[in-house]
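>>> All I have is the shape, not the residue letters:
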Ligand code: ADP
Ligand code: DP6
Ligand code: CO
(Lines give C-alpha, C1' and ligand atoms only; values in the text may rest on other atoms or scores of the structure.)
(Ligands and ions follow the chains in the order given, each with its own letter.)
Protein backbone atom coordinates (compact mmCIF):
# COMPACT_ATOMS: atom_id res chain seq x y z
CA UNK A 1 0.00 0.00 0.00
CA UNK A 2 1.32 3.46 -0.90
CA UNK A 3 0.63 5.51 2.24
CA UNK A 4 1.78 8.91 0.97
CA UNK A 5 -1.74 10.03 0.15
CA UNK A 6 -5.22 10.12 1.59
CA UNK A 7 -6.25 7.87 -1.30
CA UNK A 8 -3.87 4.93 -1.10
CA UNK A 9 -3.34 2.44 -3.91
CA UNK A 10 -3.63 -1.19 -2.77
CA UNK A 11 -1.89 -3.72 -4.97
CA UNK A 12 -1.16 -7.43 -5.42
CA UNK A 13 0.85 -9.18 -8.13
CA UNK A 14 0.92 -12.85 -9.06
CA UNK A 15 1.93 -15.22 -11.80
CA UNK A 16 -0.12 -18.22 -12.92
CA UNK A 17 0.76 -21.30 -14.95
CA UNK A 18 -0.87 -22.83 -17.99
CA UNK A 19 -2.23 -26.34 -17.77
CA UNK A 20 -2.56 -28.74 -20.68
CA UNK A 21 -5.40 -31.23 -20.42
CA UNK A 22 -4.89 -34.92 -21.04
CA UNK A 23 -8.65 -35.52 -20.82
CA UNK A 24 -10.16 -32.56 -22.62
CA UNK A 25 -12.95 -30.27 -21.51
CA UNK A 26 -15.05 -29.61 -24.60
CA UNK A 27 -18.72 -28.69 -24.16
CA UNK A 28 -20.87 -26.66 -21.78
CA UNK A 29 -24.08 -27.81 -20.16
CA UNK A 30 -24.69 -24.28 -18.82
CA UNK A 31 -23.21 -21.38 -20.73
CA UNK A 32 -23.88 -18.67 -18.12
CA UNK A 33 -22.28 -20.52 -15.22
CA UNK A 34 -19.72 -22.18 -17.50
CA UNK A 35 -20.55 -25.72 -16.41
CA UNK A 36 -18.97 -28.52 -18.45
CA UNK A 37 -20.59 -31.53 -20.10
CA UNK A 38 -17.72 -33.72 -18.91
CA UNK A 39 -14.95 -33.84 -16.32
CA UNK A 40 -11.39 -33.17 -17.44
CA UNK A 41 -7.86 -33.65 -16.15
CA UNK A 42 -4.67 -31.71 -16.77
CA UNK A 43 -1.03 -31.33 -15.89
CA UNK A 44 0.09 -27.91 -14.69
CA UNK A 45 3.21 -26.71 -16.51
CA UNK A 46 6.11 -24.82 -15.02
CA UNK A 47 5.80 -21.05 -14.84
CA UNK A 48 9.47 -20.77 -15.76
CA UNK A 49 8.50 -21.20 -19.41
CA UNK A 50 4.91 -20.09 -19.91
CA UNK A 51 3.08 -17.83 -17.51
CA UNK A 52 0.67 -14.97 -17.04
CA UNK A 53 1.78 -12.06 -14.86
CA UNK A 54 -1.09 -10.06 -13.40
CA UNK A 55 -1.25 -7.07 -11.07
CA UNK A 56 -4.53 -6.06 -9.47
CA UNK A 57 -4.84 -2.70 -7.76
CA UNK A 58 -7.66 -0.66 -6.32
CA UNK A 59 -7.89 2.92 -5.19
CA UNK A 60 -10.31 5.76 -4.72
CA UNK A 61 -8.03 7.65 -7.13
CA UNK A 62 -8.93 5.41 -10.05
CA UNK A 63 -11.74 6.20 -12.52
CA UNK A 64 -15.02 4.68 -11.42
CA UNK A 65 -15.13 1.69 -13.79
CA UNK A 66 -12.95 -1.38 -13.36
CA UNK A 67 -10.33 -1.74 -16.10
CA UNK A 68 -8.33 -4.60 -17.56
CA UNK A 69 -5.31 -4.28 -19.80
CA UNK A 70 -4.07 -7.41 -21.57
CA UNK A 71 -0.63 -7.41 -23.21
CA UNK A 72 -0.69 -3.61 -23.16
CA UNK A 73 -4.14 -3.25 -24.74
CA UNK A 74 -7.21 -2.03 -22.84
CA UNK A 75 -10.00 -4.65 -22.87
CA UNK A 76 -13.70 -3.86 -22.83
CA UNK A 77 -14.67 -5.69 -19.65
CA UNK A 78 -18.15 -4.18 -19.55
CA UNK A 79 -19.02 -6.53 -22.43
CA UNK A 80 -17.28 -9.55 -20.89
CA UNK A 81 -19.92 -11.18 -18.70
CA UNK A 82 -17.38 -13.77 -17.62
CA UNK A 83 -14.81 -11.27 -16.34
CA UNK A 84 -17.62 -9.34 -14.63
CA UNK A 85 -18.84 -12.55 -12.95
CA UNK A 86 -15.36 -13.27 -11.57
CA UNK A 87 -14.96 -9.74 -10.23
CA UNK A 88 -18.41 -9.62 -8.67
CA UNK A 89 -17.88 -12.98 -6.92
CA UNK A 90 -14.54 -11.81 -5.54
CA UNK A 91 -16.03 -8.47 -4.40
CA UNK A 92 -18.82 -10.23 -2.51
CA UNK A 93 -16.27 -12.33 -0.64
CA UNK A 94 -14.38 -9.16 0.28
CA UNK A 95 -17.64 -7.51 1.39
CA UNK A 96 -18.27 -10.43 3.73
CA UNK A 97 -14.85 -9.92 5.31
CA UNK A 98 -15.46 -6.18 5.67
CA UNK A 99 -18.88 -6.77 7.20
CA UNK A 100 -17.36 -9.10 9.79
CA UNK A 101 -14.44 -6.79 10.66
CA UNK A 102 -15.06 -3.04 10.54
CA UNK A 103 -11.34 -2.26 10.94
CA UNK A 104 -10.63 -3.53 7.41
CA UNK A 105 -10.30 -0.95 4.63
CA UNK A 106 -13.38 -0.92 2.38
CA UNK A 107 -11.66 -2.20 -0.73
CA UNK A 108 -14.85 -3.71 -2.10
CA UNK A 109 -16.21 -0.27 -2.99
CA UNK A 110 -13.07 0.83 -4.87
CA UNK A 111 -12.62 0.35 -8.60
CA UNK A 112 -10.11 -2.18 -9.78
CA UNK A 113 -7.28 -1.78 -12.26
CA UNK A 114 -5.98 -5.07 -13.59
CA UNK A 115 -2.90 -5.27 -15.77
CA UNK A 116 -1.97 -8.62 -17.29
CA UNK A 117 0.68 -9.95 -19.61
CA UNK A 118 1.17 -13.39 -21.13
CA UNK A 119 4.74 -14.31 -22.09
CA UNK A 120 3.45 -16.76 -24.74
CA UNK A 121 0.94 -16.55 -27.62
CA UNK A 122 -2.57 -15.49 -26.59
CA UNK A 123 -5.63 -17.29 -28.00
CA UNK A 124 -3.46 -19.71 -30.01
CA UNK A 125 -4.37 -22.97 -28.28
CA UNK A 126 -1.78 -22.78 -25.52
CA UNK A 127 -4.25 -22.24 -22.67
CA UNK A 128 -3.89 -18.47 -22.31
CA UNK A 129 -7.45 -18.25 -20.99
CA UNK A 130 -6.50 -20.78 -18.29
CA UNK A 131 -3.40 -18.97 -17.05
CA UNK A 132 -5.09 -15.60 -17.64
CA UNK A 133 -8.19 -16.11 -15.54
CA UNK A 134 -6.32 -18.08 -12.86
CA UNK A 135 -3.94 -15.14 -12.50
CA UNK A 136 -6.79 -12.62 -12.48
CA UNK A 137 -8.66 -14.48 -9.73
CA UNK A 138 -5.51 -15.15 -7.69
CA UNK A 139 -4.34 -11.51 -7.96
CA UNK A 140 -7.69 -10.05 -6.86
CA UNK A 141 -8.09 -12.69 -4.12
CA UNK A 142 -4.62 -11.72 -2.82
CA UNK A 143 -5.44 -8.01 -3.06
CA UNK A 144 -8.61 -8.65 -1.04
CA UNK A 145 -6.75 -11.02 1.33
CA UNK A 146 -9.41 -13.65 0.89
CA UNK A 147 -9.04 -16.79 3.00
CA UNK A 148 -10.61 -19.11 0.41
CA UNK A 149 -8.69 -22.21 -0.71
CA UNK A 150 -7.54 -22.81 -4.29
CA UNK A 151 -10.44 -25.23 -4.78
CA UNK A 152 -12.95 -22.62 -3.57
CA UNK A 153 -11.41 -20.01 -5.86
CA UNK A 154 -11.52 -22.51 -8.75
CA UNK A 155 -15.31 -22.14 -8.73
CA UNK A 156 -14.82 -18.44 -9.52
CA UNK A 157 -12.02 -18.91 -12.09
CA UNK A 158 -14.20 -21.49 -13.88
CA UNK A 159 -16.67 -18.72 -14.69
CA UNK A 160 -13.93 -16.74 -16.45
CA UNK A 161 -12.76 -19.70 -18.53
CA UNK A 162 -13.44 -23.34 -17.75
CA UNK A 163 -9.84 -24.48 -18.09
CA UNK A 164 -8.74 -21.71 -15.67
CA UNK A 165 -10.13 -23.60 -12.68
CA UNK A 166 -7.36 -26.17 -13.18
CA UNK A 167 -4.56 -23.54 -13.19
CA UNK A 168 -5.05 -22.55 -9.56
CA UNK A 169 -3.07 -25.55 -8.36
CA UNK A 170 0.03 -27.45 -9.37
CA UNK A 171 0.55 -31.10 -10.23
CA UNK A 172 -2.19 -33.27 -11.71
CA UNK A 173 -5.58 -31.60 -11.50
CA UNK A 174 -9.14 -32.77 -12.20
CA UNK A 175 -12.11 -30.54 -12.89
CA UNK A 176 -15.11 -32.40 -11.48
CA UNK A 177 -18.09 -31.46 -13.63
CA UNK A 178 -20.51 -31.51 -10.69
CA UNK A 179 -24.26 -32.26 -10.62
CA UNK A 180 -25.79 -29.18 -9.03
CA UNK A 181 -27.60 -26.61 -11.18
CA UNK A 182 -25.93 -23.67 -9.39
CA UNK A 183 -22.44 -24.99 -10.22
CA UNK A 184 -21.30 -25.01 -6.60
CA UNK A 185 -19.83 -28.51 -6.99
CA UNK A 186 -18.16 -27.82 -10.35
CA UNK A 187 -14.60 -27.25 -9.25
CA UNK A 188 -10.98 -28.33 -9.52
CA UNK A 189 -9.12 -30.63 -7.18
CA UNK A 190 -5.58 -31.91 -7.07
CA UNK A 191 -5.48 -35.58 -8.06
CA UNK A 192 -1.78 -35.86 -7.21
CA UNK A 193 0.78 -33.27 -6.18
CA UNK A 194 3.71 -32.43 -8.45
CA UNK A 195 5.99 -34.38 -6.08
CA UNK A 196 4.10 -37.62 -6.78
CA UNK A 197 5.43 -37.87 -10.35
CA UNK A 198 8.08 -35.17 -10.70
CA UNK A 199 9.74 -36.80 -13.75
CA UNK A 200 6.98 -35.59 -16.09
CA UNK A 201 8.17 -33.18 -18.79
CA UNK A 202 6.48 -31.33 -21.63
CA UNK A 203 7.80 -30.14 -24.96
CA UNK A 204 5.67 -27.44 -26.50
CA UNK A 205 5.95 -27.08 -30.25
CA UNK A 206 4.64 -23.72 -31.34
CA UNK A 207 3.41 -24.47 -34.83
CA UNK A 208 1.60 -21.15 -35.06
CA UNK A 209 1.38 -18.21 -32.66
CA UNK A 210 -1.61 -16.80 -34.58
CA UNK A 211 -4.95 -16.22 -32.91
CA UNK A 212 -7.21 -19.19 -33.72
CA UNK A 213 -10.13 -18.68 -36.16
CA UNK A 214 -12.64 -20.35 -33.88
CA UNK A 215 -12.28 -19.43 -30.18
CA UNK A 216 -12.75 -22.34 -27.74
CA UNK A 217 -16.05 -21.02 -26.41
CA UNK A 218 -17.60 -20.81 -29.86
CA UNK A 219 -16.08 -24.07 -31.12
CA UNK A 220 -17.44 -26.15 -28.27
CA UNK A 221 -20.91 -24.67 -28.68
CA UNK A 222 -20.93 -25.76 -32.32
CA UNK A 223 -19.78 -29.26 -31.35
CA UNK A 224 -22.40 -29.66 -28.60
CA UNK A 225 -25.13 -28.56 -31.00
CA UNK A 226 -24.16 -30.51 -34.10
CA UNK A 227 -21.78 -33.45 -33.55
CA UNK A 228 -23.19 -36.96 -33.42
CA UNK A 229 -19.97 -38.39 -31.99
CA UNK A 230 -20.08 -35.93 -29.10
CA UNK A 231 -22.80 -37.67 -27.06
CA UNK A 232 -20.85 -40.92 -26.96
CA UNK A 233 -17.72 -39.07 -25.87
CA UNK A 234 -19.58 -37.53 -22.94
CA UNK A 235 -21.62 -40.57 -21.91
CA UNK A 236 -19.05 -43.34 -21.96
CA UNK A 237 -15.66 -42.46 -23.43
CA UNK A 238 -14.63 -39.72 -21.01
CA UNK A 239 -15.89 -41.33 -17.76
CA UNK A 240 -13.91 -44.51 -18.55
CA UNK A 241 -10.81 -42.53 -19.48
CA UNK A 242 -10.98 -40.37 -16.35
CA UNK A 243 -10.94 -43.47 -14.15
CA UNK A 244 -8.16 -45.08 -16.21
CA UNK A 245 -5.89 -42.02 -16.30
CA UNK A 246 -6.31 -41.38 -12.57
CA UNK A 247 -5.13 -44.98 -12.03
CA UNK A 248 -2.22 -44.45 -14.44
CA UNK A 249 -1.17 -41.32 -12.54
CA UNK A 250 -1.52 -43.13 -9.21
CA UNK A 251 0.72 -45.95 -10.54
CA UNK A 252 3.06 -43.61 -12.46
CA UNK A 253 2.37 -45.82 -15.47
CA UNK A 254 3.65 -43.68 -18.36
CA UNK A 255 2.63 -45.97 -21.28
CA UNK A 256 -0.95 -46.09 -19.99
CA UNK A 257 -1.01 -42.33 -19.27
CA UNK A 258 0.39 -41.70 -22.75
CA UNK A 259 -2.06 -43.86 -24.67
CA UNK A 260 -5.09 -42.35 -22.94
CA UNK A 261 -3.71 -38.84 -23.51
CA UNK A 262 -3.17 -39.39 -27.24
CA UNK A 263 -6.51 -41.14 -27.71
CA UNK A 264 -8.38 -38.37 -25.91
CA UNK A 265 -6.73 -35.66 -28.00
CA UNK A 266 -7.71 -37.60 -31.10
CA UNK A 267 -11.31 -38.10 -29.93
CA UNK A 268 -11.66 -34.41 -29.12
CA UNK A 269 -10.38 -33.38 -32.56
CA UNK A 270 -12.64 -36.01 -34.15
CA UNK A 271 -15.68 -34.37 -32.53
CA UNK A 272 -14.46 -31.05 -33.95
CA UNK A 273 -14.29 -32.56 -37.43
CA UNK A 274 -17.72 -34.11 -36.84
CA UNK A 275 -19.20 -30.67 -36.01
CA UNK A 276 -21.24 -28.83 -38.61
CA UNK A 277 -19.68 -26.84 -40.16
CA UNK A 278 -16.52 -28.83 -39.31
CA UNK A 279 -13.84 -27.24 -37.14
CA UNK A 280 -10.14 -27.81 -37.87
CA UNK A 281 -7.64 -26.93 -35.19
CA UNK A 282 -4.80 -29.25 -36.24
CA UNK A 283 -2.88 -28.67 -39.47
CA UNK A 284 -0.30 -30.56 -41.55
CA UNK A 285 2.53 -29.67 -39.16
CA UNK A 286 0.44 -30.90 -36.20
CA UNK A 287 -0.11 -34.17 -38.03
CA UNK A 288 3.64 -34.46 -38.70
CA UNK A 289 4.15 -34.20 -34.91
CA UNK A 290 1.59 -36.98 -34.36
CA UNK A 291 3.37 -39.24 -36.84
CA UNK A 292 6.73 -38.46 -35.29
CA UNK A 293 5.55 -39.44 -31.79
CA UNK A 294 4.18 -42.75 -33.07
CA UNK A 295 7.42 -43.33 -35.03
CA UNK A 296 9.60 -42.65 -31.96
CA UNK A 297 7.48 -44.98 -29.81
CA UNK A 298 7.59 -47.80 -32.32
CA UNK A 299 11.32 -47.37 -33.03
CA UNK A 300 12.10 -47.52 -29.30
CA UNK A 301 9.70 -50.42 -28.75
CA UNK A 302 7.96 -48.79 -25.76
CA UNK A 303 5.78 -45.74 -25.27
CA UNK A 304 8.11 -42.91 -24.33
CA UNK A 305 6.12 -39.90 -25.51
CA UNK A 306 2.54 -38.69 -25.98
CA UNK A 307 1.13 -35.81 -27.99
CA UNK A 308 -1.89 -33.72 -27.18
CA UNK A 309 -3.41 -30.71 -28.94
CA UNK A 310 -5.74 -28.12 -27.45
CA UNK A 311 -7.98 -25.99 -29.64
CA UNK A 312 -5.14 -24.95 -31.95
CA UNK A 313 -2.35 -26.49 -34.07
CA UNK A 314 0.37 -26.38 -31.38
CA UNK A 315 1.62 -29.72 -30.06
CA UNK A 316 2.39 -30.54 -26.46
CA UNK A 317 4.45 -33.70 -26.04
CA UNK A 318 4.63 -35.32 -22.61
CA UNK A 319 7.53 -37.62 -21.69
CA UNK A 320 9.56 -38.61 -18.65
CA UNK A 321 12.85 -36.94 -17.74
CA UNK A 322 14.85 -40.12 -18.46
CA UNK A 323 13.74 -39.99 -22.11
CA UNK A 324 14.35 -36.29 -22.47
CA UNK A 325 17.31 -36.47 -24.86
CA UNK A 326 15.57 -39.04 -27.00
CA UNK A 327 12.19 -37.30 -27.27
CA UNK A 328 13.05 -33.61 -27.19
CA UNK A 329 16.27 -34.19 -29.16
CA UNK A 330 14.54 -36.15 -31.92
CA UNK A 331 11.55 -33.83 -32.12
CA UNK A 332 13.77 -30.77 -32.40
CA UNK A 333 16.09 -32.39 -34.93
CA UNK A 334 13.29 -33.60 -37.17
CA UNK A 335 10.66 -30.88 -36.87
CA UNK A 336 13.27 -28.14 -36.41
CA UNK A 337 14.92 -29.09 -39.69
CA UNK A 338 11.89 -27.30 -41.09
CA UNK A 339 11.15 -29.90 -43.75
CA UNK A 340 7.72 -30.23 -42.12
CA UNK A 341 6.99 -26.51 -42.23
CA UNK A 342 7.26 -25.99 -38.49
CA UNK A 343 7.52 -22.32 -37.45
CA UNK A 344 9.00 -22.51 -33.92
CA UNK A 345 9.82 -21.85 -31.15
CA UNK A 346 10.16 -24.87 -28.85
CA UNK A 347 9.68 -24.69 -25.12
CA UNK A 348 10.91 -27.51 -22.93
CA UNK A 349 9.40 -27.40 -19.53
CA UNK A 350 8.91 -29.20 -16.30
CA UNK A 351 5.40 -30.48 -16.14
CA UNK A 352 5.42 -31.07 -12.44
CA UNK A 353 4.89 -27.71 -10.84
CA UNK A 354 3.23 -25.18 -9.62
CA UNK A 355 0.57 -23.13 -7.96
CA UNK A 356 0.07 -19.48 -8.90
CA UNK A 357 2.69 -17.18 -7.49
CA UNK A 358 4.71 -20.02 -5.97
CA UNK A 359 7.47 -20.89 -8.42
P1 LIG B 1 -6.49 -20.15 -25.51
O2 LIG B 1 -6.34 -21.39 -26.35
O3 LIG B 1 -5.25 -19.32 -25.56
O4 LIG B 1 -6.94 -20.45 -24.11
P5 LIG B 1 -9.18 -19.06 -25.82
O6 LIG B 1 -9.94 -18.85 -27.08
O7 LIG B 1 -9.69 -20.12 -24.92
O8 LIG B 1 -7.65 -19.32 -26.23
O9 LIG B 1 -9.14 -17.74 -24.94
C10 LIG B 1 -8.44 -16.60 -25.34
C11 LIG B 1 -9.02 -15.42 -24.58
O12 LIG B 1 -8.74 -15.56 -23.17
C13 LIG B 1 -8.41 -14.10 -24.95
O14 LIG B 1 -9.00 -13.59 -26.14
C15 LIG B 1 -8.78 -13.27 -23.72
O16 LIG B 1 -10.11 -12.85 -23.76
C17 LIG B 1 -8.65 -14.27 -22.58
N18 LIG B 1 -7.32 -14.11 -21.95
C19 LIG B 1 -6.14 -14.60 -22.39
N20 LIG B 1 -5.14 -14.22 -21.57
C21 LIG B 1 -5.69 -13.46 -20.59
C22 LIG B 1 -5.17 -12.75 -19.46
N23 LIG B 1 -3.86 -12.79 -19.16
N24 LIG B 1 -6.03 -12.07 -18.67
C25 LIG B 1 -7.35 -12.06 -18.95
N26 LIG B 1 -7.92 -12.70 -20.02
C27 LIG B 1 -7.09 -13.39 -20.83
C1 DP6 C 1 -9.38 -27.78 -25.84
O2 DP6 C 1 -11.38 -23.23 -21.10
O3 DP6 C 1 -10.63 -22.08 -23.21
O4 DP6 C 1 -8.19 -26.51 -24.23
O5 DP6 C 1 -14.52 -22.16 -20.86
O6 DP6 C 1 -15.12 -21.33 -23.10
O7 DP6 C 1 -13.19 -20.30 -21.89
P8 DP6 C 1 -14.01 -21.54 -22.13
O9 DP6 C 1 -13.05 -22.57 -22.86
P10 DP6 C 1 -11.57 -23.01 -22.54
O11 DP6 C 1 -11.54 -24.42 -23.31
C12 DP6 C 1 -10.44 -25.26 -23.25
C13 DP6 C 1 -10.60 -26.35 -24.23
C14 DP6 C 1 -9.37 -27.24 -24.41
C15 DP6 C 1 -9.42 -28.44 -23.49
C16 DP6 C 1 -9.06 -28.23 -22.04
O17 DP6 C 1 -8.30 -27.33 -21.68
O18 DP6 C 1 -9.55 -29.05 -21.22
CO1 CO D 1 -8.77 -21.30 -23.54
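Great, that's in hand. Treat the numbers as computed from the prediction; the structure is a model and nothing was measured. Numbers count the residues shown, from 1 in each chain. Ligands and ions are numbered 1, 2, ... in the order given.
>>> which residues touch the helix or strand harbouring residue 245?
Assigned by DSSP states H and E, residue 245 falls within helix 238-250. Helix 238-250 is touched from outside by 22-23, 38-41, 172, 174, 191-192, 196-197, 253-254, 256-257, 260-261, 263-264, with contacts defined as CB atoms under 8 Å, 6 or more residues apart in numbering. The C-beta positions use only the backbone N, C-alpha and C, and glycine is treated the same way.
>>> between the helix or strand that comes right after it and helix 238-250, how big is the angle?
As assigned by DSSP H and E, the chain's next helix or strand after helix 238-250 is helix 254-273. Counting by axes from the mean of the first three to the mean of the last three CA atoms, to 10 degrees, helix 254-273 lies at 150 degrees to helix 238-250.
>>> Now do helix 254-273: distance to the chain's middle.
What separates the centre of helix 254-273 from the centre of its chain is 17 Å, taken as CA atoms, centre = their mean, to the nearest Å.
>>> The protein against ligand 1: which residues are in contact?
For the chain, the contact set with ligand 1 under CB under 6 Å from any ligand atom comprises 52, 70, 116, 118, 122-130, 132-133, 135-136, 161, 215-216, 310-312.
>>> Out of the residues you listed, which end up buried?
In the residues of the chain next to ligand 1, burial by neighbour count holds for 52, 70, 116, 118, 122-130, 132-133, 135-136, 161, 216, 310-312, counting by 16 or more other CB atoms under 10 Å.
>>> Cross-check the residues you listed against ligand 2 and keep the overlap.
Subset of those in contact with ligand 2: 129, 161, 216, 310, 311, counting by CB under 6 Å from any ligand atom.
>>> Just the pLDDT at residue 207, thanks.
With respect to pLDDT, residue 207 scores 86.
>>> Tell me the secondary structure at the nearest residue to residue 258 once chain neighbours are set aside.
Leaving out its chain neighbours, the residue that sits closest to residue 258 by CB to CB, 6 or more residues apart in numbering is residue 306, at 3.5 Å. Of the three states, residue 306 takes strand under DSSP: H, G, I helix; E, B strand; the rest coil.
>>> hmm, back to that, between the ones next to ligand 2 among the buried ones among the residues of the chain next to ligand 1, which is closest to ligand 3?
Nearest to ligand 3, judged by CB to the ion, of those is residue 129 at 3.2 Å.
>>> hmm, the helix or strand where that closest one lies touching ligand 3?
Using DSSP H and E, the element containing residue 129 is helix 128-143. Yes. Residues of helix 128-143 contacting ligand 3 under CB under 5 Å from the ion: residue 129.
>>> before we move on, what about stretch 147-159?
No. Stretch 147-159 stays clear of ligand 3 (CB under 5 Å from the ion), getting no nearer than 12.0 Å.
>>> From the chain's centroid, how far away is that stretch?
Distance, centroid of stretch 147-159 to centroid of chain: 14 Å (CA atoms, centre = their mean).
>>> Identify each buried residue in that stretch, please.
Applying a neighbour-count criterion of 16+ other CB under 10 Å, one finds 150, 151, 153, 154, 155, 156, 157, 158, 159 buried in stretch 147-159.
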